[in-house]
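Build me a model from this:
(one chain, ligands or ions: 1)
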Amino acid sequence: LEAGVSPEEHLPTPEAKTLAAFYSSAADAYKRLWAPELITVSRPFLDDLPLGGASFVLDAGTGVGTLLPEIQRRAPAATVVGIDVAEGMLALGPRGFPLVIMDATRLAFRQGIYDVGVFAFVLFHLPEPLAGLREMARALKRGGTVGTITWGDDPSYEAYDIWSEELDRLGAAPASGAISRHDLVDAESKVEALLAEAGFVSARTRLTVYENRMTAEEFITHRVGHGMSRHRFESLTPDGRAECLSRVRASLERLGPEGLVDRSEVIYGVAQKPA
Ligand SMILES: C[S@@+](CC[C@H](N)C(=O)[O-])C[C@H]1O[C@@H](n2cnc3c(N)ncnc32)[C@H](O)[C@@H]1O
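Now for the predicted structure:
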């Protein structure tokens, strides 16, 4: 950890504490429902990172630590560290890894420690993704590699539109910009520009598509279980929730299987700290 700096300078910001509460309150559902989906997107991305000879790897915003064993498999000699602001998420992390409550925009690490740093589905949660990338650049060794995964376009498929319209109609709380700002990192050009501004070189991005085919009940389980959908759903009264579920179920019955396929763009980014 960094010497000579007062610990207060590394405490999570108020914005990060809001995120921590959001994630900690639904950590179980995240681990059960969402982590197994995201890991299918993250595995091919980890294959692209130079993990083989790494000594220290940082998984920033590690959540329930899904990536840690995957990283360790690819970096057998490395110490793989997971940090996150949400204590409730870290509490469900795998054993045998250093897990630290820490804000990715205020890393309490000395400069030049890590060979590889990862932000998997995290940058859009930072009020300023650039601040997180700059911190990562500081913590990386010269020539070290940063890898990022963010979402591209907004999910739009019939079931999701039905769900969102129902929440709007019932007056659910709007999607909160305090939770996520996808618009800052939802295109390859935006990710590349941020990586360059943070001082990284040789930035490469790649766009792919995540596909999740769900039954109607699986779709509803996801919507009420985690993420922004859950946040909006829980802002309704008990009667509102019941009405929402019964109307959405009725509409979903009329949908063909294609209407229940989530196809979201995913953006992978990789760049180096100058040697
Ligand atoms: C969508 S989850 C991704 C978790 C994990 N990387 C994965 O791929 O499964 C986003 C995580 O970022 C964390 N997070 C949000 N803002 C953060 C910040 N400022 N510093 C550290 N972690 C943060 C959240 O608590 C949450 O666990």
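
Going by secondary structure, the nearest residue to Pro12 once chain neighbours are set aside is in what exactly?
In space, and not counting its chain neighbours, Pro12 is closest to Asp103: 4.0 Å by Cβ to Cβ, 6 or more residues apart in numbering. C-beta coordinates here come from the backbone N, C-alpha and C atoms, glycine included. Counting by DSSP states H and E, no helix or strand carries Asp103.

So for Asp103, what's the pLDDT?
The model reports Asp103 with a pLDDT of 94.

In the stretch 151-275 of the chain, what residue comes closest to the ligand?
The stretch 151-275 of the chain approaches the ligand most closely through Gly227 (8.0 Å), counting by Cβ to the nearest ligand atom.

Next up, phi/psi of that residue, please.
phi 70, psi -170 (degrees, to the nearest 10).

The residue nearest to Pro12 and Thr18 touch, don't they?
No - Asp103 is beyond contact range of Thr18, at 11.7 Å (criterion: Cβ atoms under 8 Å).

Tell me which of those two has more neighbours.
Neighbours per residue, other Cβ atoms under 10 Å: of Asp103 and Thr18, the larger number sits with Asp103, 25 against 17.

How many residues are close by the residue of the chain found nearest the ligand?
Nearest residue of the chain to the ligand, counting by Cβ to the nearest ligand atom: Gly63, 2.7 Å away. Neighbour count for Gly63, taken as other Cβ under 10 Å: 25.

Now it: which helix or strand?
Counting by DSSP H and E, Gly63 is part of no helix or strand.

Without its sequence neighbours, what residue ends up closest to it?
Per Cβ to Cβ, 6+ apart, closest to Gly63 is Met89, 4.8 Å.

Contacts only, for the one you found.
By Cβ atoms under 8 Å, 6 or more residues apart in numbering, the contact list for Met89 reads Tyr23, Ser24, Ala27, Tyr30, Thr62, Gly63, Val64.
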